[in-house]
Every structure is written in structure tokens, then in C-alpha cells.
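Student: Predicted model and sequence follow; I will ask about them next.
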Amino acid sequence: MVLKTIPQKKRSRKKKNMKFDIITIFPEIFEFYFNCSILKKAKEKKLIRTKIHNLRDFTDDSRKTVDDKPFGGGRGMVMKVDPIYKCVQFLKSKFIKPKSKIILFTPRGKKFNQKIAYQFSKMEQLIFICGRYEGVDERVAKHIADIELSIGDYVLMGGELPALIVMEAVARLIPGVIGKSEFLKQRITKEKNFIEYPQYTRPPKFYPEEKFWRVNPKIWKVPKILLSGDHKKIEAWREKHSKII
Ligand code: ADE
């Protein structure tokens, strides 16, 4: 009897390509960072794509106004809803991907963490709205954004730095962006929200000047276990010293 081999379905090996769309009035901030970070490498490897959209290009007046005085009075200016709406509408009409999220950066938002970074890394497109000035017209949060995100309980001048932080945290979780061993380490320990254990490299003993002594370690030593070659003990030590969030 001749056994027929069933032809295996060819699996698509197409690498995932994540698109980041950034809406900002400070495009220069991103250009610099994109050219000297893991984001640069990820772009070169075509694992991510980034597109910066200058919000001022979506205004109608000659002064390219993106902000206005708040209704009800008060200090400062508020970013207008219409240019943001127009920009998102443009993105939707052109290249919105099915697995897409629109994120508005604000200190009032949900606190960003590693778990959210993992969820975002499964997306095909992230659209970042970087607020500035004293705030953004609330209708953006209510009707345009899918999620409001904060990177911590402090107030920055705008959403540009938060956008870069989120982008880097997400990009490094995309297969191929960081080295294989580092990526595997992340995968294995993903469920536990593992963060990192302390790392050491040569020399095993370092002799600092006296003014650097704190309590009394005149010699800064690497923990003995790490030099022992006993992999089981090293694993246990690392597990014990891992920071879990
Ligand atoms: N904009 C200003 N401060 C912020 C913060 N902490 N997180 C996100 N966006 C912000």
C-alpha cells in the first residue's frame, strides 16, 4: 500500500510589520530619536514603520492654529478638536489597519505598563495623539481615541516623550527587533510579568577609590554564585532577585 503524503499547507512566514502613526506639532522630536535607537534598527529591518503627521497640516487658517482659549475661562490654551479629527479622518481614509488603536497621551489616562505593551505589540497599527499645552478638547478622548494613556503620575509638557516611550516598549516585543536570546527570555517569563534580574560582567572584583566607598565594601564583588558555573544555582539566584511587577 502506498501512503500518500498530504501536502502541508504553506504557512505564511511574512514578518509582522507594525505601523506607528504619530500626530504631533513637534515632528523634529521624533526624527532625531528614530535615527539613533532600536527603533532605527527595527525600521531598517522593516519590522516597524513610522509616519509622523504634523497637526498643523490639518488646519484651515493661514496661522495654522491648533489651540484656542478654554470655554468657561481659565489659564492656558486647549488643543482644538477639528485638526485632530481631520488628521485621524485622513489616516482612516488612507491606511487604517484592521487591528488598530488610537491612543491619546494625557496624565489623566490609564497607567502604561508591560502588560499593555504586550497587548499593543499584537496590533498592526498604533495611532498616537500627542497632546500639548494645558490639555486637549475632551471630545478627542470621548469620540476619537480608543484609550487615554499616561506614563506616570507626573505632568510633562506634552505627549511626545510618552509616545516615544510606548513606541520603544512595544517595538522591542516585536519578533526580530531585539536579539533572539533576549526575546526568548521575555517570552518564557512573559506570564509572570518578569522584569529583570541584576547583571554583572567582568571584572569579578573592582577596586574603587575611597571616596566611592559607601558602607564598607572596599572591593565591589560579583556574587559568588554567578561565577560558580552551577547553572541551577544561578537560575535560582536570578529568580530570587528578579523584579516582578
Ligand atoms: N502628557 C503630559 N504628561 C503626561 C503623562 N504623564 N503621561 C502621558 N501624557 C502626558
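Tutor: Everything's here; your move. Numbers count the residues shown, from 1 in each chain.
Student: Tell me, how many residues neighbour Lys205?
Tutor: Look at Lys205: counted by other C-beta atoms under 10 Å, it has 9 neighbours. (Each C-beta comes from the backbone N, C-alpha and C, glycine too.)
Student: ok, it touching Pro223?
Tutor: No: when contacts are counted by C-beta atoms under 8 Å, Lys205 is not listed as touching Pro223 (11.9 Å).
Student: What residues does this protein have near the ligand?
Tutor: 105-107, 131, 150-152, 154-156, 158-159, 162 (C-beta under 6 Å from any ligand atom).
Student: For the closest residue to Gly176 other than its chain neighbours, report the pLDDT, please.
Tutor: Computed as C-beta to C-beta, 6 or more residues apart in numbering, the closest residue to Gly176 that is not its neighbour in sequence is Leu47, at 5.1 Å. At Leu47, the model reports a pLDDT of 95.
Student: wait, doesn't Leu47 sit right on Phe20?
Tutor: No: judged on C-beta under 8 Å, Leu47 makes no contact with Phe20 at a distance of 11.3 Å.
Student: out of these two, which sits in the busier spot?
Tutor: For Leu47 and Phe20, the more surrounded residue by other C-beta under 10 Å is Phe20, and the numbers stand at 24 against 18.
Student: after the helix ranked longest in the chain comes which helix or strand?
Tutor: When the chain is parsed with DSSP state H, its longest helix is helix 81-95. Using DSSP states H and E, the helix or strand that follows helix 81-95 towards the C-terminus is strand 100-111.
Student: Which residues does that next one contact?
Tutor: By C-beta atoms under 8 Å, 6 or more residues apart in numbering, the residues outside strand 100-111 that reach it are 88, 116, 120, 123-131, 135-136, 140-141, 144-156, 158-159, 162-163, 166.
Student: Just the buried subset of these, written out for ChimeraX, thanks.
Tutor: Burial among these is assessed by 16 or more other C-beta atoms under 10 Å; the matching ChimeraX selection reads:
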select :88,116,120,123,125,126,127,128,129,130,131,135,136,140,141,144,145,148,149,150,151,158,159,162,163,166
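Student: Let's see which of the contacts of strand 100-111 end up in helices.
Tutor: Using DSSP H, the contacts of strand 100-111 in helices are Val88, Ile116, Phe120, Val140, Ala141, Pro162, Ala163, Val166.
Student: Which of those residues sits closest to the ligand?
Tutor: Pro162 (3.8 Å; C-beta to the nearest ligand atom).
Student: For that closest one, give me the pLDDT.
Tutor: We have a pLDDT of 98 for Pro162.
Student: wait, doesn't it sit right on Tyr154?
Tutor: No: Pro162 lies out of contact with Tyr154 (C-beta under 8 Å); the separation is 10.7 Å.
Student: Val155 versus the closest residue to Leu156 other than its chain neighbours, what's the distance?
Tutor: Once flanking residues are discounted, Leu156 sits nearest to Pro162: 6.8 Å by C-beta to C-beta, 6+ apart. Here the distance between Pro162 and Val155 works out to 11 Å (C-beta to C-beta, to the nearest Å).
Student: Could I get the contacting residues of Leu149?
Tutor: Ile103, Leu104, Phe105, Thr106, Gly109, Lys110, Phe112, Ile116, Pro162, Val166.
Student: do that again at 10 Å, thanks
Tutor: By C-beta atoms under 10 Å, 6 or more residues apart in numbering, the contact list for Leu149 reads 101, 103-112, 116, 120, 128-129, 159, 162-163, 166.
Student: What pLDDT is listed against the residue lying closest to it once chain neighbours are set aside?
Tutor: In this structure, Leu149 finds its nearest non-sequential neighbour in Gly109, 4.3 Å apart by C-beta to C-beta, 6+ apart. Reading off the confidence values, Gly109 has pLDDT 97.
Student: I am finished for the moment; much appreciated.
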